[in-house]
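Participant: Here you go, sequence then predicted model.
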Amino acid sequence: MMNALDPTPDRAMRYLLFIAGMGGLLYGIDVGIIAGALPYLESTASVAWKLSTQQLSFIVAAVLLGSVLSSLFAGALADAIGRRRAMVLAGALFTLSIPMIALAEGYTPLLLGRLLQGISGGLIGVVVPLYLAESLPAARRGRGAALFQLMLTVGLVGAAVIGLSQAHTVDEATRAAAALPQAARAELVFAAQDKAWRSIFWLCLAPGLVFTLGSLALKESPRWLAMRGAGGPAMPDAPSVPLRDSLASRRYVLPFLLACLVLALTQATGINSILAYVVTILNQAGLPGSTANTADVGLKVLNAVMTVVAVVLVDRKGRKFLLMLGSGTIVVALVAAGLLFRGAEDGQRDVRALVEAQVRNDSLALRLDGRQLAALGAGGGAAQQLTVAYAYGPFTDVKSLRSDDPLLPTVQLRREDAIDEDSVIGATLRRWHLNPFADPAAGRDAPLVIERAWLGTVPSESHGWQVALAICLFVAGFAVGPGVCVWLALSELMPTRIRSNGMSIALLVNQFVSTVIAAMFLPTVGYYGYSAVFFVGAGFAVLYFLTAAFLLPETKGKTLEEIELHFTGAAAGGGPKVQESMEKLGQAPR
């Protein structure tokens, strides 16, 4: 089959990077698309199909379940059918999921469609970086992985933009229906919301088709062909190697553990949780609500811009340099944010007993007006901020209220806000006695306990901007270093014989650490304040810097065989001749 790759190597390389970038785009869409669709899906599906809160949570979590399941077998699948076919399968599953979701008229097809999206995302997260590592020459491998991360962030932004455009459409329909009778107005708004969430998914069909059809025109990974003994005459010096080898082999333990450590530390910096709660964090730091939301948008833009910078630098300055630069910047940023919050938190007073006295029927509704402030012992003048950490059994939450916030005059502590039903993953693991997190049943009858409550003067807006600047520095450092280099660590450090299965396990480690950090975030804030979150993240970032400085080899410009040789110290099975043969195989028409 002759295709667009044949005319020139440069054109072939651009095409390969384009398709890999589309894979990153789909990965980002997989993660971000439900955020814009969920409000309308919840409003319409719960009415039309009588979906419960439990079923809606399953629909949201199905992508994560599918991703975890496919991550487990992605490496073995890529070994069995090849990297290119695995990419085609991933794209086909994503493409199939779109009409299944958008045309759904019930719970089951909607759930299955979301599950397919998750399976697709898990495959893409393993197979595309694997294919890039094995197919790109050493001089361009870093740029390829960086492009994957860049397009991932573009996918997240794109999903948000699609959701925003449909939100405007629904708002326009709601305003147009304002003068209609109640029944007609409800029918029109329902139709607009139903069309909105379906349109959000339909708009994601095009990139799925591009990735699927584009992957068909790619050549197979030369290293996979070499492992399968498919080289023929083009690979006369290729060693006969098994399709896979044991992860427990002594010569592979160090690079495998090092890759897992890098992926774990990437999440241990707290990146996902800090970005998820960034509006709340900035509000706590002193920025008004609307300003905090504006800063959130600025952070997303900064993340994309700095990822572009990383794309330019990764093959020039090297992975080790960027990881040291990025992790060092993260340390400075998180320590600065922690010190700023520590200064604000030191001025707060413990009002736990006074708040606890106002609990009624295991709930609390507290209005932070002048009378209430006086009851809590606050003087007049400056605006005050009340933060309450509470629990129902093993489930904790944190609520904050500012006396100068006209949009949220009351803080309410309710059982349903603190206790979420099990996700589909949690329910499944609990049946197997493998779920380490609390059972929702343990909180349903538990009394409300006020664990901490503190009151203090609202930090100044300038203080809030200082914290915002520190978080901007954090995001910039992460984007330049770990954000890009984590995909390179995932693919470059794994020796060829364990690369596919090793990448699957390392990606699961990454997901597990992210989940644990998310579960610990609110309890940590509740007991120790936001400063503790930033200081803990800074501690892990120091460990990240030391790992990059003293354990990671520089892989810029090195072939995968040379990187493997660094760890194993063994003969590279044919050395330069094998590498030359692989490159020839990768350029040969199929």
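Facilitator: On my side now, so go ahead. Only a predicted model underlies this, so the values are computations on that prediction, with no experimental measurement involved.

Participant: number of nearby residues for the residue nearest to Ser363 when sequence neighbours are not counted?
Facilitator: Spatial nearest neighbour of Ser363, chain neighbours left out: Arg414 (5.4 Å); criterion: Cβ to Cβ, 6 or more residues apart in numbering. The way it works is simple: take the backbone N, C-alpha and C, and place the C-beta from them, glycine included. Number of residues near Arg414 (other Cβ atoms under 10 Å) recorded here: 16.

Participant: and what of Leu103?
Facilitator: 13.

Participant: which residues touch it?
Facilitator: When contacts are counted by Cβ atoms under 8 Å, 6 or more residues apart in numbering, Leu103 touches Pro109, Arg198.

Participant: Please repeat the previous calculation with a cut-off of 6 Å.
Facilitator: Applying Cβ atoms under 6 Å, 6 or more residues apart in numbering to Leu103 gives no contacts.

Participant: give me phi/psi at it?
Facilitator: Backbone torsions of Leu103, given as degrees, to the nearest 10, read phi -100, psi 0.

Participant: where exactly do the strands run in the chain?
Facilitator: Using DSSP state E, the strands of the chain run over 349-350, 364-367, 384-392, 395-402, 410-413, 448-457.

Participant: And those strands: which comes nearest Ala548?
Facilitator: strand 395-402 (33.3 Å; Cβ to Cβ).

Participant: Tell me which strands that closest one pairs with, and in which orientation.
Facilitator: strand 384-392 (antiparallel) (DSSP bridges).

Participant: what mean pLDDT does the strand it pairs with have?
Facilitator: In this model, strand 384-392 carries a mean pLDDT of 84.

Participant: Name the residues that touch that strand?
Facilitator: 368, 373, 378, 398-403, 413, 415, 418-419, 443, 446, 449-456, 458, 526.

Participant: do stretch 273-282 as well
Facilitator: With Cβ under 6 Å, 6+ apart as the criterion, stretch 273-282 contacts Ala292, Asn293, Ala295, Asp296, Gly464, Ala468, Ile517, Ala518, Phe521.

Participant: Relative to Leu340, how far out is the fifth one?
Facilitator: Per Cβ to Cβ, to the nearest Å, Gly464 is found 9 Å from Leu340.

Participant: Kindly report the same for the fourth one.
Facilitator: Using Cβ to Cβ, we find Asp296 at a distance of 18 Å from Leu340.

Participant: out of these two, which sits in the busier spot?
Facilitator: Using other Cβ under 10 Å as the criterion, Asp296 and Leu340 rank with Leu340 on top: 22 against 16.

Participant: Return the residues in contact with the spatially closest residue to the more buried one that is not a sequence neighbour.
Facilitator: Excluding its sequence neighbours, the residue lying closest to Leu340 (Cβ to Cβ, 6+ apart) is Val467, at 5.2 Å. Counting by Cβ under 6 Å, 6+ apart, Val467 touches Ala285, Ala337, Leu340.

Participant: repeat that for 7 Å
Facilitator: Leu282, Ala285, Ala337, Leu340 (Cβ atoms under 7 Å, 6 or more residues apart in numbering).

Participant: Filter the residues you listed down to the buried ones.
Facilitator: Leu282, Ala285, Ala337, Leu340 (16 or more other Cβ atoms under 10 Å).

Participant: just the residues you listed now: which is nearest Gly144?
Facilitator: Ala337 (33.0 Å).

Participant: Now do that closest one against Tyr527, distance only.
Facilitator: Taken as Cβ to Cβ, the span from Ala337 to Tyr527 is 18 Å.

Participant: Same check on Leu112?
Facilitator: 41 Å.

Participant: the more surrounded of those two?
Facilitator: Legend: neighbour count by other Cβ under 10 Å for Leu112 and Tyr527, higher for Leu112 (17 against 13).

Participant: how close does the closest residue in space to that one that isn't next to it in sequence get to Pro129?
Facilitator: Nearest non-adjacent residue to Leu112, counting by Cβ to Cβ, 6+ apart: Met100, 6.4 Å away. The gap separating Met100 from Pro129 is 27 Å, by Cβ to Cβ.

Participant: Neighbour count: these two, which is higher?
Facilitator: Pro129 (27 against 19).

Participant: Could I get the contacting residues of the nearest residue to Leu265 once chain neighbours are set aside?
Facilitator: Excluding the flanking residues, the one nearest Leu265 by Cβ to Cβ, 6+ apart is Tyr544, at 4.3 Å. By Cβ under 7 Å, 6+ apart, the contact list for Tyr544 reads Leu265, Thr269, Ser327.

Participant: of all these, which comes closest to Phe321?
Facilitator: Ser327 (11.2 Å).

Participant: Can you mark which positions in stretch 324-339 are buried?
Facilitator: Neighbour counts over stretch 324-339 (16+ other Cβ under 10 Å) mark 324-331, 333-338 as buried.

Participant: Mind checking which of those land in helices?
Facilitator: Using DSSP state H, the subset of these located in helices is 324-331, 333-338.

Participant: Looking at those residues, spot the one nearest Leu136.
Facilitator: For those, the nearest to Leu136 is Gly326 (21.8 Å; Cβ to Cβ).

Participant: coming back round to it: is it possible to get CSV of the contacts of stretch 273-282 that adds distance to Val486?
Facilitator: Shown next, in CSV, are these (distance: Cβ to Cβ, whole Å):
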residue, distance to Val486
Ala292, 28
Asn293, 28
Ala295, 25
Asp296, 23
Gly464, 30
Ala468, 25
Ile517, 15
Ala518, 18
Phe521, 20
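
Participant: Among the residues you listed, which has the minimum pLDDT value?
Facilitator: Asn293 (66).

Participant: From what I see, Ala145 and Gly483 are in contact.
Facilitator: No. The pair Ala145 / Gly483 is not scored as a contact, 10.5 Å apart, by Cβ atoms under 7 Å.

Participant: out of the two, which sits in the more crowded spot?
Facilitator: Neighbours were counted for Ala145 and for Gly483 using other Cβ under 10 Å; Ala145 has more, 31 against 25.

Participant: got a list of what the more buried one touches?
Facilitator: Pro129, Leu132, Val484, Trp487, Leu488, Ser491.

Participant: quick one: it from Val398, how far?
Facilitator: From Ala145 to Val398 the distance is 37 Å (Cβ to Cβ).

Participant: And Gly21, by the same measure?
Facilitator: Taking Cβ to Cβ, one finds Gly21 at 39 Å from Val398.

Participant: Number of residues surrounding the closest residue to Glu492 other than its chain neighbours?
Facilitator: Nearest residue to Glu492, sequence neighbours excluded (Cβ to Cβ, 6+ apart): Thr555, at 4.9 Å. Per other Cβ under 10 Å, the neighbour tally for Thr555 reads 23.

Participant: looking at it, Thr555 is touching Ala489, isn't it?
Facilitator: No. Look at Thr555 against Ala489 with Cβ under 7 Å: they stay out of range, at 8.8 Å.

Participant: So the residue nearest to Leu112 is in contact with Thr108, correct?
Facilitator: No. Using Cβ under 7 Å, Met100 is not in contact with Thr108, being 10.1 Å away.

Participant: Neighbours of Gly82, how many?
Facilitator: Neighbour count for Gly82, taken as other Cβ under 10 Å: 19.

Participant: Pull up the gap between the closest residue to Thr169 other than its chain neighbours and Met503, please.
Facilitator: Leaving aside its chain neighbours, Thr169 sits nearest to Ala196 (6.2 Å; criterion: Cβ to Cβ, 6+ apart). Computed as Cβ to Cβ, the Ala196 to Met503 distance reads 37 Å.

Participant: Equivalent analysis for Val332, please.
Facilitator: 31 Å.

Participant: check contacts around the residue nearest the centre of the chain.
Facilitator: Residue closest to the average C-alpha location in the chain (Cα atoms, centre = their mean): Asn272, at 6.3 Å. Shown in contact with Asn272 (Cβ under 7 Å, 6+ apart): Ser514, Ile517, Ala518.

Participant: export those residues to a markdown table and tack on distance to Leu152?
Facilitator: Converted to a markdown table, those look like this (distance: Cβ to Cβ, whole Å):
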| residue | distance to Leu152 |
| --- | --- |
| Ser514 | 15 |
| Ile517 | 19 |
| Ala518 | 19 |
